[in-house]
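A.B. asks: sequence unavailable; structure follows:
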């Protein structure tokens, strides 16, 4: 275990949540594009990767794909969690849903806290794209491991430092393959990473 690492805590209330149908369909549509490209999925060892989230209209909570849902091509409402609170220092989130939120929720929360105008965040995995973007886009230190409070703070700081016209992308230097993209809405967030994927795949 990494020195100084604080184990992720999920304060989870297992209960059914209802997502507005229009929003659910938008989440499903955008996520399915990422899944088809392999940006969200499951490794051969059975471990899933990738998340997509959207902030609520009230800006107090966000809906995120739940833990261990990466392997599914299509999700149900029961595969989402609603995050109502978080604490970077304690490495914890408070959520409810039939599926618990994962530690990835903290990096989403970091972006939302840093940039109130952001309405959606995607966290994808792609080794070759990660290698191309590493240190060519805002990149967290390779010494900062994923799932730590330090990663959340690093993502928040980099989000705050982005120029208005700069692509809303952060490379997670200490989280091999991990890339964050975000935007004012789901379409903008997913389009940002898909466009980068397509622009670089033939280089």
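C.D. replies: Great, that's in hand. Only a predicted model underlies this, so the values are computations on that prediction, with no experimental measurement involved.
A.B. asks: for the strand ranked longest in the chain, which strands pair with it and how are they oriented?
C.D. replies: Longest strand in the chain, counting residues (DSSP state E): strand 80-87. Paired neighbours of strand 80-87 in the sheet (DSSP bridges): strand 62-65 (antiparallel), strand 92-97 (antiparallel).
A.B. asks: find the centremost residue of this protein, please.
C.D. replies: residue 123 (3.4 Å; CA atoms, centre = their mean).
A.B. asks: quick one: that residue from residue 105, how far?
C.D. replies: Noted for residue 123: a distance of 10 Å to residue 105, by CB to CB, to the nearest Å. (Glycine included, C-beta is placed from N, CA and C.)
A.B. asks: now the common contact residues for the two.
C.D. replies: Shared between the contact lists of residue 123 and residue 105 (criterion: CB atoms under 8 Å, 6 or more residues apart in numbering) are residues residue 51.
A.B. asks: secondary structure element holding residue 154?
C.D. replies: In this assignment (DSSP states H and E), residue 154 forms part of helix 149-161.
A.B. asks: where in the chain is the helix or strand with the lowest mean pLDDT?
C.D. replies: Lowest on mean pLDDT, DSSP states H and E among the helices and strands of the chain sits strand 48-49, with a mean of 92.
A.B. asks: and after that one, which helix or strand comes next?
C.D. replies: Using DSSP H and E, the helix or strand that follows strand 48-49 towards the C-terminus is strand 51-55.
A.B. asks: how close does the nearest residue to residue 161 once chain neighbours are set aside get to residue 181?
C.D. replies: The shortest distance from residue 161 to any non-neighbouring residue, by CB to CB, 6 or more residues apart in numbering, is to residue 138 (7.0 Å). Note on residue 138: its distance to residue 181, by CB to CB, is 12 Å.
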